[in-house]
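>>> predicted coordinates and the sequence they were generated for:
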Amino acid sequence: MTATEATELLEKFRAGKISRDRVLRAFQAPPLADLGFAQVDMHRALRKGFPEVIFGSGKAPGQVVAIATRIFEREQRILITRIHGEHARALRRKFKSAVHHEAARCVTIEKSALSKRPGTVAVLCAGTSDLPVAEEAAVTSDIMGNHVERIYDVGVAGLHRLLRRLECAMPSVVAGLVSRPVIAVPTSVGYGANFGGLAALLGMLNSCGSGVTVVNIDNGFGAGYAASQINELAEGVSASPPKAPSSKLQ
């Protein structure tokens with residue numbers, strides 16, 4: 001249950017549409033579910049606005065399914081990242097609404113589609129080899145309730161492709177052209193002295209572009225999650241009614 005859903009529940013109770021017992025049951029649910037091999041955080045959505053995300057790498061398909069089943073008992077949607085084919089097949093057998101995002105190595109499951117908040121999260125990548133990381137960021141932001149625009153294959157090796165697409169390129173170039181936060185994701189793809197993404201990481205950390213924030217190598221999920229949180233803050237600011245000026249003299 002997210003904070004928004006908790007507020008809606010309380011509003012229904014105040015309006016007499018649901019019973020007190022139903023509200024109490026919702027808030028008395030234990031914060032953790034002990035599965036033996038995992039301690040599942042059942043209050044993550046209430047604190048963070050989105051349920052605990054399941055990291056599939058290193059987990060057996062049955063473990064991923066068990067965690068997802070417990071979370072889905074109380075939540076409207078789930079995101080599972082870094083999965084392989086066996087994970088996806090097991091999840092699709094259990095959940096009819098499971099969607100396998102193969103390029104992103106993710107699975108999403110929803111009881112109902114989440115309405116999109118205002119604003120757009122743009123996901124850019126330099127080349128086709130970066131698509132797994134870019135798609136992980138895009139799928140994460142999308143399932144969290146954001147409009148996502150994908151702008152791919154616009155690396156600085158062919159800058160004309162970038163300038164044709166809009167005011168976007170890679171971190172330093174983009175940050176110099178737009179008035180929005182830029183979240184840079186170094187990837188482990190590259191020639192020569194790429195050092196598994198370390199060269200890209202150091203380059204982004206030393207960017208001369210203002211407003212560039214850098215996440216870890218290949219961490220598309222972290223970038224997509226952070227972008228969603230920023231967009232949610234902007235939504236809260238735009239939705240807040242202006243305060244009436246005070247008539248009290250100081």
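In hand now; what should we look at? Numbers count the residues shown, from 1 in each chain.

>>> so what's the backbone phi/psi at the closest residue to residue 83 other than its chain neighbours?
The spatially closest residue to residue 83, leaving aside those adjacent along the chain, is residue 56, at 3.8 Å (C-beta to C-beta, 6 or more residues apart in numbering). (C-beta placed from N, C-alpha, C; glycine too.) Torsion angles at residue 56 (phi, psi; degrees, to the nearest 10) stand at phi -80, psi -30.

>>> show me how this structure divides into domains.
Using automatic domain parsing, the domain ranges for the chain come out as 29-110, 120-238.

>>> would TSV of those with mean neighbour count, distance to residue 14 and mean pLDDT be doable?
Shown next, in TSV, are the domains of the chain (neighbours: other C-beta atoms under 10 Å; distance: least, C-beta to C-beta, whole Å; pLDDT from 0 to 100):
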stretch	mean neighbour count	distance to residue 14	mean pLDDT
domain 29-110	18	19	95
domain 120-238	18	22	85
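
>>> reformat those domains as JSON lines; add distance to residue 11.
What follows is those, written out as JSON lines (distance: least, C-beta to C-beta, whole Å):
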{"stretch": "domain 29-110", "distance to residue 11": "16"}
{"stretch": "domain 120-238", "distance to residue 11": "18"}
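
>>> nearest to residue 21, of those?
Ranking these by proximity to residue 21 (C-beta to C-beta) places domain 29-110 first, at 13.3 Å.

>>> how about the residue nearest to residue 83, what does it touch?
64, 80-84, 87, 107 (C-beta atoms under 8 Å, 6 or more residues apart in numbering).

>>> check residue 208 too.
Contacts of residue 208 (C-beta under 8 Å, 6+ apart): residue 172.

>>> sec struct for it, please.
At residue 208, secondary structure determined by DSSP: H, G, I helix; E, B strand; the rest coil is coil.

>>> any idea how far residue 118 lies from residue 222?
According to C-beta to C-beta, to the nearest Å, residue 118 and residue 222 sit 23 Å apart.
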